[in-house]
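K.L.:
Structure of the sequence below:
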Amino acid sequence: MDRLHKEELVKGLQEKLSTAKVVIATDYKGLDVAAVSDLRRKLKEAGVEYQVVKNTLLRRVAEDNQMALMADCFVGPSAIAYSFDDPVAPAKVLTEFAKENDNLEIKAGVMDNQLMDLAAIKALSNLPSKEVLLGRLLSVMNGVPTAFVRVLNAVPQGFVNVLGALKDQRAEA
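P.N.:
Predicted coordinates:
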């Protein structure tokens, strides 16, 4: 790879990673071509980009963005997965794939200028999807007015019950 091509690659990665919501570094050593192709397919279906890059180029890319926090992780074969929309998607796909394939090692990740270790990435993968969280929020927002209407309805209903009891009491007397 000539120098011009490397500079273009670094510049392109810097632009992409500056807008990425999450970046996760992996070690793919020991995976065969079929397994890597399967991983790429699963990541692509989830809207995640996965790229194998030389460590020296990754260190250059990490100089000017949030990836500087995980520059120490760029040893051995390295690949990065990054997402622009859903920060949970790459964590979910990579942790599920790592359970099935022991050769995939998740090194570290960065999200919102915070370094994430393997435990944090696994915790991120356990979060529900964006659609589920939005559905829960909608049900909570819908529950507040419903409860308010029930409270407002209980006041006249209680008044009617008191009047009915008074009527019954006077009818007996």
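K.L.:
domains in the protein, as residue ranges please.
P.N.:
3-127, 129-173 (automatic domain parsing).
K.L.:
ranking the ones you listed by burial, who's on top?
P.N.:
Across these, averaging neighbours per residue (mean count of other CB atoms under 10 Å) puts domain 3-127 on top, at a mean of 17. From N, CA and C alone the C-beta is placed, and that goes for glycine too.
K.L.:
Using JSON lines, lay out the domains of the chain together with mean pLDDT.
P.N.:
Output for the domains of the chain, formatted as JSON lines (pLDDT from 0 to 100):
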{"stretch": "domain 3-127", "mean pLDDT": "87"}
{"stretch": "domain 129-173", "mean pLDDT": "83"}
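K.L.:
Centre of the chain to the longest helix along the chain, how far?
P.N.:
For the chain, the helix that runs over the most residues, judged by DSSP state H, is helix 130-172. Taking CA atoms, centre = their mean, to the nearest Å, one finds the center of helix 130-172 at 38 Å from the center of the full chain.
K.L.:
cool, stretch 51-59 as well?
P.N.:
23 Å.
K.L.:
residues in contact with that stretch?
P.N.:
Contact partners of stretch 51-59, identified using CB atoms under 8 Å, 6 or more residues apart in numbering, comprise 6, 9-10, 13, 25, 28, 61, 67, 71, 74-80.
K.L.:
Start and end of that stretch, how far apart?
P.N.:
Stretch 51-59 stretches 14 Å from its first residue to its last (CA to CA, to the nearest Å).
K.L.:
what do you get for stretch 73-84?
P.N.:
22 Å.
K.L.:
now it, how far from the centre of its chain.
P.N.:
17 Å.
K.L.:
Stretch 27-47 too?
P.N.:
19 Å.
K.L.:
CA atoms only for that stretch - export them in PDB, please.
P.N.:
Extracted in PDB, the C-alpha atoms of stretch 27-47 (Å, rounded to 0.1, in the frame of the first residue of the first chain):
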ATOM      1  CA  ASP A  27      -9.000  -9.500  17.600                       C
ATOM      2  CA  TYR A  28     -10.000 -11.900  14.900                       C
ATOM      3  CA  LYS A  29      -6.900 -14.100  15.100                       C
ATOM      4  CA  GLY A  30      -7.900 -17.800  14.600                       C
ATOM      5  CA  LEU A  31     -11.100 -17.100  12.700                       C
ATOM      6  CA  ASP A  32     -11.300 -18.700   9.300                       C
ATOM      7  CA  VAL A  33     -12.700 -16.900   6.200                       C
ATOM      8  CA  ALA A  34     -16.100 -18.400   6.500                       C
ATOM      9  CA  ALA A  35     -16.500 -17.200  10.100                       C
ATOM     10  CA  VAL A  36     -15.200 -13.700   9.300                       C
ATOM     11  CA  SER A  37     -17.700 -13.600   6.400                       C
ATOM     12  CA  ASP A  38     -20.500 -14.700   8.700                       C
ATOM     13  CA  LEU A  39     -19.500 -12.000  11.200                       C
ATOM     14  CA  ARG A  40     -19.400  -9.300   8.500                       C
ATOM     15  CA  ARG A  41     -22.800 -10.400   7.200                       C
ATOM     16  CA  LYS A  42     -24.400 -10.200  10.700                       C
ATOM     17  CA  LEU A  43     -22.800  -6.800  11.400                       C
ATOM     18  CA  LYS A  44     -24.000  -5.500   8.000                       C
ATOM     19  CA  GLU A  45     -27.500  -6.700   8.700                       C
ATOM     20  CA  ALA A  46     -27.400  -4.700  12.000                       C
ATOM     21  CA  GLY A  47     -26.200  -1.600  10.200                       C
END
